[in-house]
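Enquirer: Pasting the sequence and the predicted coordinates here, then a few questions.
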Amino acid sequence: MEHSHFNYYEANAADISLGDITSTAENAKILQRLRDDDDNLHHLWLGTEGWNNFCIGEGDDWGWLGYFIGRSACLQRLFIRYLPDGEEGHAFVEGIARSQSIQYIGIHDLNNDAFTSIMRALHSFSQLEGLSIDESNSVGPDGWYELRFLLESGGCKLKQLCLRGNNYIGNAGMGILSNELRGIGSFLELLILTNSSIGNEELLALVTGLTNCTSLETLRLSRNNFSSAEAGLGSLSNWLQRDIVNVKYLGLSCCSINDEGLHALSQGAANHCEELDLIGNESITATGLSYLSDSIRSHSCCVETLHLQGIPVGDNEMEVLARGLADNKSVRNLGLNLDDLHDDISVHSSGWIAFSTALCDTSSVNSTYLSNHTICDIWDEEDGEAIPHQDIALYLRLNEQHPQYAARCKILMSHPHLDMAPLLHWGLKLLPLAVAWFERSKPCTTLTIYDEDSDLRQLVLDESDEAFESRELTALYEFVRGIPLEVMKSRHGLAVAAAYDEKIARIEEENKIALEQRDRKIEERDRRIEQLEEEIMRLRGW
């Protein structure tokens, strides 16, 4: 805005009739809120209908609109879907260039002149933290040069850069963007490059530019074509494993990734990212999932949420995933398509049995203890449909609601009779540990979990105190009686055994007395009921 024009707006801003410079009453209200520095007006959309949207129409003065946006101290995010050519557009851009509050600019499908003008205005936005450019495929070289100059200048310290549906990028464009990223890399926290015609060569160039992005936490590359990008995905995997990289979310949905691509990617992604999105990569088979399974079973796996919806999953794929999850200690949420994507692929009993075994391997007490007690949710893509296997649903809720007791509860649920024979070689030194384990497991008899109906709760282990004590006494008795004779020859061994024999006998006697007292109370109650019934009959004259 020329200085004389700015002085004119400054002198008349308080008195100008907002209805005279807008096309609708709603637009006039928005200008009023901008002029009054409304604390609640933080976001503004130009060109679309909706709340806090300035719907462009004939009679809207772009110069005044730009002025009020530029002087607002509260507006933080501005989204532009339309900008007129000529003097009107120039006046608007000159106005917003004075903003000291706008931290995020969103641009959607502007022509080359409008885009170039906005990029030039942003050179003065030292406070700019976010820039989003969507479907700007009509922008020419001069427009992208201004964006390049903005990012390379270091004038703004972008934390978020979003480029969606911009088919211009290609190989040459990605090389330019790679250089631009080096100028803002240390500040950038979120980078979105979705649906931007990125292939193997472009991905290789991008990874080169990510070298300085030490603060990057979210990287979204969805809807690009990585069907032949093994080298690029391998380079991305290597970059993720650098100590200075901080990426938590990696989005690669609908990228045509195949088994070879997943092989190249899986180690870096699994060992570094907390959330991995592979939705819609339908070329991945059980072979590719086996590579991913090997990575997530590693103790260095960091993935907490794994999105696999849209990948054809049958019994073979479920069994492969189950093998990885059996040893995994990080994955809490797993997304799968429960509805068949293809007529020839579906999950039957063997697939669910494999998952059930991963969550609770009942082959031995030790196997149950080493099962997966971390994963809490397996959901469908569309509506979170519950899995059809009842045992799996129970184990998942137990993992989620009582993680500190999950292993003990599963052992008690799956092994009514605890076989102590494998532990005999530890001798009497294990006996105090066994007693302590039962003491710590006692709360399992009172724990409840939410059922599928969130208003209902059910006991995890439907077992009385007497039954639990009987289980404990039986296990300890068998352990003491099974200890090799040579261990018992020592004085200390005899003393410990005698002490536990005495304890077992005392508890058995206490249980016997308690049962006798209970029986006497029941007999007394029945006798009293009989007397009352006789008295009632007498009073009624029967």
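Expert: Great, that's in hand.
Enquirer: tell me the contacts of residue 465?
Expert: Contacts here follow Cβ atoms under 8 Å, 6 or more residues apart in numbering; on that basis residue 465 touches residue 445. All C-beta atoms are positioned from the backbone trio N, CA, C, and that covers glycine.
Enquirer: try the one 3 residues further on
Expert: Residues in contact with residue 468, defined by Cβ under 8 Å, 6+ apart, are 442, 445.
Enquirer: how close does it get to residue 394?
Expert: 19 Å (Cβ to Cβ, to the nearest Å).
Enquirer: likewise residue 337?
Expert: 23 Å.
Enquirer: residue closest to the middle of this protein?
Expert: Nearest to the geometric centre of the chain sits residue 305, at 4.5 Å (Cα atoms, centre = their mean).
Enquirer: partner residues bridging that residue?
Expert: residue 275, residue 333 (DSSP bridges).
Enquirer: That one and residue 275 touch, don't they?
Expert: Yes. The criterion here is Cβ atoms under 8 Å, and residue 305 meets it with residue 275 at 4.3 Å.
Enquirer: what about residue 281, is that helix, strand or coil?
Expert: coil (DSSP: H, G, I helix; E, B strand; the rest coil).
Enquirer: Skipping adjacent residues, who's closest to it in space?
Expert: Leaving aside its chain neighbours, residue 281 sits nearest to residue 257 (4.3 Å; criterion: Cβ to Cβ, 6 or more residues apart in numbering).
Enquirer: What is the burial count for that neighbour?
Expert: Number of residues near residue 257 (other Cβ atoms under 10 Å) recorded here: 27.
Enquirer: Then residue 464?
Expert: Applying other Cβ under 10 Å, we find 9 residues neighbouring residue 464.
Enquirer: Could you list which residues are in contact with the residue nearest to residue 281?
Expert: 226-227, 229, 233, 265, 278, 281, 283-284, 288.
Enquirer: any chance of those residues in JSON lines, with secondary structure and distance to residue 66 too?
Expert: Formatted as JSON lines, those follow (DSSP: H, G, I helix; E, B strand; the rest coil; distance: Cβ to Cβ, whole Å):
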{"residue": "226", "secondary structure": "coil", "distance to residue 66": "42"}
{"residue": "227", "secondary structure": "coil", "distance to residue 66": "45"}
{"residue": "229", "secondary structure": "coil", "distance to residue 66": "43"}
{"residue": "233", "secondary structure": "helix", "distance to residue 66": "44"}
{"residue": "265", "secondary structure": "helix", "distance to residue 66": "46"}
{"residue": "278", "secondary structure": "coil", "distance to residue 66": "44"}
{"residue": "281", "secondary structure": "coil", "distance to residue 66": "45"}
{"residue": "283", "secondary structure": "coil", "distance to residue 66": "49"}
{"residue": "284", "secondary structure": "coil", "distance to residue 66": "49"}
{"residue": "288", "secondary structure": "helix", "distance to residue 66": "52"}
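Enquirer: Of these, just say which sits nearest to residue 520.
Expert: The closest of the contacts of residue 257 to residue 520 turns out to be residue 278 (Cβ to Cβ; 66.5 Å).
Enquirer: I figured that closest one hits residue 289, correct?
Expert: No. With contact defined as Cβ under 8 Å, residue 278 does not reach residue 289; the gap is 9.7 Å.
Enquirer: Which of those two has more residues huddled nearby?
Expert: Applying other Cβ under 10 Å to residue 278 and residue 289 shows that residue 278 carries more neighbours, namely 28 against 25.
Enquirer: Just the pLDDT at the more buried one, thanks.
Expert: On pLDDT, residue 278 comes in at 98.
Enquirer: Kindly provide the distance from it to residue 102.
Expert: 36 Å.
Enquirer: Quick check: buried residues in stretch 238-246?
Expert: Of the residues in stretch 238-246, 239-240, 245 count as buried by neighbour count, 16 or more other Cβ atoms under 10 Å.
Enquirer: same question, stretch 521-537
Expert: Buried residues in stretch 521-537 (16+ other Cβ under 10 Å): none.
Enquirer: Stretch 69-82 now?
Expert: 69-72, 75-82.
Enquirer: Would you mind pulling up the elements that the helix or strand harbouring residue 11 packs against?
Expert: Following DSSP states H and E, one finds residue 11 within helix 3-12. Helix 3-12 sits against helix 62-71, helix 86-96, with contacts defined as 3 or more Cβ pairs under 8 Å, 6 or more residues apart in numbering; DSSP states H and E.
Enquirer: Buried deepest among those helices, which one?
Expert: helix 62-71 (a mean of 24; mean count of other Cβ atoms under 10 Å).
Enquirer: which residues does residue 102 contact?
Expert: 69, 75-78, 96, 125, 127-128.
Enquirer: For it, give me phi and psi.
Expert: The phi/psi pair for residue 102 (degrees, to the nearest 10) reads phi -70, psi 120.
Enquirer: Quick one: end-to-end distance for stretch 302-314.
Expert: 26 Å (Cα to Cα, to the nearest Å).
Enquirer: where's stretch 119-132 relative to the chain centroid, distance-wise?
Expert: The chain centre lies 31 Å from the centre of stretch 119-132; the measure is Cα atoms, centre = their mean, to the nearest Å.
Enquirer: Now that stretch - C-alpha only, CSV.
Expert: Included here for stretch 119-132 are C-alpha records, laid out as CSV according to Å, rounded to 0.1, in the frame of the first residue of the first chain:
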residue,chain,number,x,y,z
MET,A,119,4.6,-14.6,-1.8
ARG,A,120,6.2,-11.1,-2.1
ALA,A,121,4.0,-9.8,0.7
LEU,A,122,5.1,-12.6,3.0
HIS,A,123,8.7,-11.4,2.8
SER,A,124,7.8,-9.0,5.6
PHE,A,125,6.2,-11.7,7.8
SER,A,126,9.0,-12.4,10.2
GLN,A,127,6.3,-13.9,12.5
LEU,A,128,5.1,-16.4,9.9
GLU,A,129,5.1,-20.0,11.3
GLY,A,130,2.9,-21.9,8.8
LEU,A,131,2.3,-21.9,5.0
SER,A,132,-0.1,-24.1,3.1
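Enquirer: in that stretch, what's buried?
Expert: So stretch 119-132, judged by 16+ other Cβ under 10 Å, has buried residues 119-122, 125, 128-132.
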